[in-house]
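> Sharing a sequence plus its predicted fold:
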Amino acid sequence: MNTKLQIFNEKKVRTAWDAEAEEWYFSVVDVVAVLTDSDYSAARKYWKVLKGRLNAEGSELVTKCYQLKLPAADGKMRLTDVLDTKGVLRLVQSIPSPKAEPFKMWLAKVGAERLDEIADPEKAIQRGVEYYRAKGYPESWINQRMKAIEVRKHLTDEWSARGIETSKEYAILTSEMTKAWSGMTVSEYKEYKGLHKENLRDNMTDIELV
């Protein structure tokens, strides 16, 4: 599964895309944080209490709750309670919130955009450009970033053809290449730039991208 950080009203929602089932899975705690307008710690406690109540009621929502490895605040992949889109909609019904309807619309939009991107991958590129523009990046940087993504795709395709399969193997090769030109591994480079979960290449200058 491919993990992706989605944004709803400036709040982060961790997601995972199941290509075979063509379904999104959403971090339950992140969804609770959005609906209750609380931080991660408070949302986790809220979900623990709600999960216990739903379980006592025999709700199917709990049985349909899975665990997937998603990136945690410390950057490590940790098992996290997730629900598919239908499950999240049922969760929304269990939490009184003025954000319920806007969140439902956001869910529909996320799903529609992903299916559009599968049918026409160019739309994913266009959305990427729009995202960078919204973040205030200059056009010259955006053009260089898009070129870097294209080059990266060719590189990873070549690695895949030569037997590289796991994300860990890709990360090791990427780190070695980064160290070769910068003198730092990816983790060291992110620490140097003061980054945590952010994408390193999204925080590089034009020269660094080249």
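That came through fine. Residues are numbered from 1 along each chain as shown.
> packing partners for the helix ranked longest in the chain?
Using DSSP state H to define each element, the chain has its longest helix at helix 139-161. With contacts taken as 3 or more CB pairs under 8 Å, 6 or more residues apart in numbering; DSSP states H and E, helix 139-161 sits against helix 122-134, helix 167-182, helix 206-209. (Glycine included, C-beta is placed from N, CA and C.)
> Contacts made by that helix with the rest, please.
125, 128-129, 132-133, 137, 169-170, 173, 201-202, 205-206, 209-210 (CB atoms under 8 Å, 6 or more residues apart in numbering).
> So, low pLDDT: which residues of this structure?
Residues of the chain meeting the criterion pLDDT under 70: 1, 19-20, 111-124, 127, 197.
> hmm, back to that, of the contacts of helix 139-161, grab the buried ones for PyMOL.
Selecting the buried subset of the contacts of helix 139-161 in PyMOL, with 16 or more other CB atoms under 10 Å as the burial test, is done by:
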select buried, resi 132+209
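> Of the contacts of helix 139-161, which is the nearest to Gln93?
For the contacts of helix 139-161, the minimum distance to Gln93 (CB to CB) is 33.4 Å, reached by Gly128.
> how much space between that closest one and Lys11?
21 Å (CB to CB, to the nearest Å).
> And the longest helix of the chain, how far out from the chain middle?
19 Å (CA atoms, centre = their mean, to the nearest Å).
> Got the domain ranges for this protein?
Domain assignment for the chain by automatic domain parsing gives 2-119, 123-209.
> Out of those domains, indicate the one that is most buried.
domain 2-119 (a mean of 16; mean count of other CB atoms under 10 Å).
> ok, back up a step: now do the longest helix of the chain and helix 167-182, the angle between them.
Relative orientation of helix 139-161 versus helix 167-182 (axes from the mean of the first three to the mean of the last three CA atoms, to 10 degrees): 130 degrees.
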